[in-house]
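K.L.:
show me the folded form of this:
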Amino acid sequence: MLTNYLKIAYRNLWRNKIFSGINVIGLSVGLASCLLLFMYISHELSYDDFQQKADRLVRVTMEYSMDGQVAKIPVTGTKVAPEFGRQFPEIESGVRMINRDGVVMNGDQRFSEKRIVFADSAFFRLFSFPLHKGDPQTALAGPNLVVLSESTAQKYFGTENPIGKTLRINTGGSFRDYSITGIVADCPANSQIKYDLLTSFATLPAAKSEEWFSSNYATYLLLRKPSDITPLQAKIPGFMKTQFGKEEMSPGGYLTYNLEPLRSVHLHSDVDGSFEPNGDLTYIYIFGSIALLILLIACVNYVNLATSRAVERAQEVGVRKVMGAMQGQLFGQFIGESVIVTSIALALASLLASLTLPLFNTLSDRQFSADVWLQPGNLLLLVSVGLVVSLVAGSYPALVLARFQPIRVLKGHLKTAGAGQFRKALIVFQFSITAFLIISTLLVRNQLAFIQQKKLGYSKDHVLMLPVDRQVNEKIAAIKSEFRQNADVQHISLASESPVFVEGGYGMRHPNMPTGQRKMVAGLTIDEDYVPAMSLHLIAGSNLNAIDMDRVSRTDNDSLTRSRFILNEAAVKELGWTPQQAIGQRLDVSGRLGEVKGVVADFHFTSMKQKIGPLALFPQNGGEILLVKLSGSQLPNTLQFLENKWRTLIPDRPFSYEFMDEEFNKLYASETRTGRIFSVFAFLSIFLACLGLFGLSAYTTAQRTKEIGVRKVLGASVFSIVGLLSKDFLKLVVIAIVVASPIGWYVMNRWLRDFAYRIDIDWWIFALAGALAVGIALLTVSFQSIKAALMNPVKSLRSE
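P.N.:
As a prediction, the model looks like this:
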């Protein structure tokens, strides 16, 4: 019996190669899309699952308020981990960490490293990063110790055993000798903690004191029981109220800490990531929905083509019922055909997903491997998906065909109006999905274009950013002098941060404010060249000069006039002044006393998801980043010139740079990635919808061949016949656009709410999406319609 079913299924599929091919291709593309998107989603959902103590690990974030303004940051002072460990019995251990860029010397070789993580000695007690060589108890227990990741050890030492050897490391001060005490496994891609070198926290001067403020350190705690997180969180606000006197906190101000379960940090935290940007749960829902919708389109194609051929198979069903076939057996026959098609499609989908994986890695900015599909759990999932698709795609056609009454079928009385209406509904459904994805893609791309084209208030083009250390700071005058010898170099500035994303937070007050009151302000240290180098627009007062830079480093002048501040418009407005009134006003910025010298126009110093807030720029001799503004006219030659000068002046530090526009683009990596994925999978949805429409129109046209012949004999034109065959399909596409437009507006309007600065959702977006959908559908249907209209009517009527 089973063999007979298989033979019938094979012969039927082979006899209708075009429709079988359409089903297989459609399901293959749909399933391959699901496999790729599932890989991305499962990766994001699996963050830190490998940590054996994840259920007891929490990240500590800092929350504070000044003058009613609340801020949350992912870092704390050095006191949190040790003091909480002493005060709260729920805590078993804690770790403080900070990531720094640096230069590593191994003999004569020099390497720029961006992931040098300083960590307390309890690091390996908390986290499940396998230490392949070394003692986890002592590997970081003492100053000037370093543990290398496997790939870093391979890069520096090849196959040699590096334990006990020495590396010279400079993370901003000067070179120190570090003893290698261990080799740790490379951190997994789904870890929020990223490192290449783990160095001992005891090396840092900050380890010698405990401070609540000076918040620069990621803090993680290991609790004794998973259930301790709630009672411990309840204790922290009350404890923190006892730690400060009235003079230390502004009226209504507070400082407290929040505990976040480790596994929830990546997707659920409302605070930035400590070592890498957080993921976004919204995008997980978006990508999951895209995968499901594309698979549904493929299933709809199968259902439409199968039910449209019901008339052809009706006599087969009638004969088999007369011969004694039961309805259940017929249902099993047609479901079997669906299983065969889906199985072939699943095999092709696996191959297609493997072949396109490198492209998807580029698209998603991840590094996935096809090996993940060979894991038993994922193989079981693939089989389960195949069975579900078989049932979803095959059940309705099987039910329709199995319920045919043999007497009526064999007499030629077969009504398929209900099935026809259902097919029309499915066409509307799948083109609604397609129109929604087109609308979403257009709006996402327009928002990204808006971000790129919006005037930021500063110039990010052709700006080199070079990390610096003490040696560079000491030679900054010589570096500026040598660099300026190149005509392509326009400005050079030393600062604590670039204007792309300012992280420094301070409190500001002027003498007329109530005692203890402060207002929150972002801030960064600059030199006299920063304002022209970044093309900031001064709207009142003047820029810093050499005298201001000299004054800030002296101790013999009046402390009240030591600093000169440049504020943005938002800061001036927050203090209740106009830009002109602000000039000369006394100001205290977290202990830096001075007066306002200039006011610059507001510029975007954070993501456009946030409104521009108050910002203070103040002078400091020394910085952490060197900004070199170039004209860009002879970029390769200029870069070579700068590198040669750098090697001469700073021989111990590699010439390592990044362009500012690259840093800017990183701010919107998630949105850019979403835009790319939307574009690709919107195209796939169009392809699948058109594939199904092509098959359906081909079948419909074939059914009406004799009608077309009669119409042509009676004088119908090619144009009228094409219109006759196309209009019914185009009506359904128009209905789909009407259905999809409000859904697209609602979903994308909610997405755009995340941006303080965003585009308007204009009517032309929906008009363009509708025109694209109609145009694509018309091209798809017209191919078959024109072919049928051009046929010789004699051939189509000869059999009559």
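
K.L.:
how is this structure divided into domains?
P.N.:
The chain breaks down into these domains under automatic domain parsing: 54-268, 416-454+686-800, 463-667.

K.L.:
would CSV of those with distance to residue 46, mean neighbour count and mean pLDDT be doable?
P.N.:
Yep, even glycine has a C-beta here, placed from its N, CA and C like the rest. Formatted as CSV, the domains of the chain follow (distance: least, Cβ to Cβ, whole Å; neighbours: other Cβ atoms under 10 Å; pLDDT from 0 to 100):
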stretch, distance to residue 46, mean neighbour count, mean pLDDT
domain 54-268, 5, 18, 92
domain 416-454+686-800, 24, 18, 79
domain 463-667, 23, 18, 90
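
K.L.:
turn these into a markdown table, columns for distance to residue 372.
P.N.:
Shown next, in a markdown table, are those (distance: least, Cβ to Cβ, whole Å):
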| stretch | distance to residue 372 |
| --- | --- |
| domain 54-268 | 11 |
| domain 416-454+686-800 | 25 |
| domain 463-667 | 26 |
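
K.L.:
and of those domains, who's closest to residue 674?
P.N.:
domain 416-454+686-800 (6.1 Å; Cβ to Cβ).

K.L.:
could you say which helix or strand holds the nearest residue to residue 392 once chain neighbours are set aside?
P.N.:
In space, and not counting its chain neighbours, residue 392 is closest to residue 299: 5.1 Å by Cβ to Cβ, 6 or more residues apart in numbering. Under the criterion of DSSP states H and E, residue 299 resides in helix 281-308.

K.L.:
give the buried residues for that helix.
P.N.:
Neighbour-count burial for helix 281-308 flags 283-284, 286-288, 290-291, 293-308 (criterion: 16 or more other Cβ atoms under 10 Å).

K.L.:
nearest to residue 36, out of the domains of the chain?
P.N.:
That would be domain 416-454+686-800 among those, by Cβ to Cβ, at 14.8 Å.

K.L.:
and the host helix or strand of residue 347, what does it pack onto?
P.N.:
Residue 347 is part of helix 327-364 when elements are defined by DSSP H and E. The contact analysis (3 or more Cβ pairs under 8 Å, 6 or more residues apart in numbering; DSSP states H and E) places helix 327-364 against helix 2-15, helix 17-45, helix 281-308, helix 310-322, helix 376-402, helix 669-703.

K.L.:
try it again with 6 Å
P.N.:
Counting contacts by 3 or more Cβ pairs under 6 Å, 6 or more residues apart in numbering; DSSP states H and E, helix 327-364 packs against helix 2-15, helix 17-45, helix 376-402.

K.L.:
mean confidence for the second one?
P.N.:
To tie it back to what came earlier, the one meant is helix 17-45. Helix 17-45 comes out with an average pLDDT of 84.

K.L.:
numbering from 42 from now on, please.
P.N.:
Shifting the count to begin at 42 puts that one at helix 58-86.

K.L.:
gap between the helix holding residue 388 and the chain center?
P.N.:
28 Å (Cα atoms, centre = their mean, to the nearest Å).

K.L.:
and stretch 176-189, by the same measure?
P.N.:
34 Å.

K.L.:
what helix or strand does residue 220 sit in?
P.N.:
Secondary structure assignment for residue 220, by DSSP H and E: strand 217-225.

K.L.:
contacts for that strand next, please.
P.N.:
Defining contact as Cβ atoms under 6 Å, 6 or more residues apart in numbering, one finds that strand 217-225 is touched by 170, 172-175, 180, 185-190, 194, 203-204, 206-210.

K.L.:
ends of stretch 501-519, how far apart?
P.N.:
25 Å (Cα to Cα, to the nearest Å).

K.L.:
longest strand in this protein, please.
P.N.:
Ranked by residue count under DSSP state E, the longest strand found in the chain is strand 132-147.

K.L.:
send over the helix or strand just after that strand as CSV, restricted to the C-alpha atoms.
P.N.:
As assigned by DSSP H and E, the chain's next helix or strand after strand 132-147 is strand 150-160. The C-alpha coordinates for strand 150-160 follow below in CSV (Å, rounded to 0.1, in the frame of the first residue of the first chain):
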residue,chain,number,x,y,z
GLN,A,150,57.1,43.1,17.8
ARG,A,151,54.4,45.6,18.7
PHE,A,152,50.6,45.0,18.5
SER,A,153,47.7,47.3,19.0
GLU,A,154,45.1,45.6,21.1
LYS,A,155,41.5,46.9,21.7
ARG,A,156,40.4,44.2,24.2
ILE,A,157,42.7,44.3,27.2
VAL,A,158,40.4,43.6,30.1
PHE,A,159,41.6,44.3,33.7
ALA,A,160,39.7,42.0,36.1
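
K.L.:
who's in contact with strand 150-160?
P.N.:
Outside strand 150-160, the residues that touch it by Cβ under 6 Å, 6+ apart are 136, 138-145, 212, 235-240, 242, 245, 695, 697.
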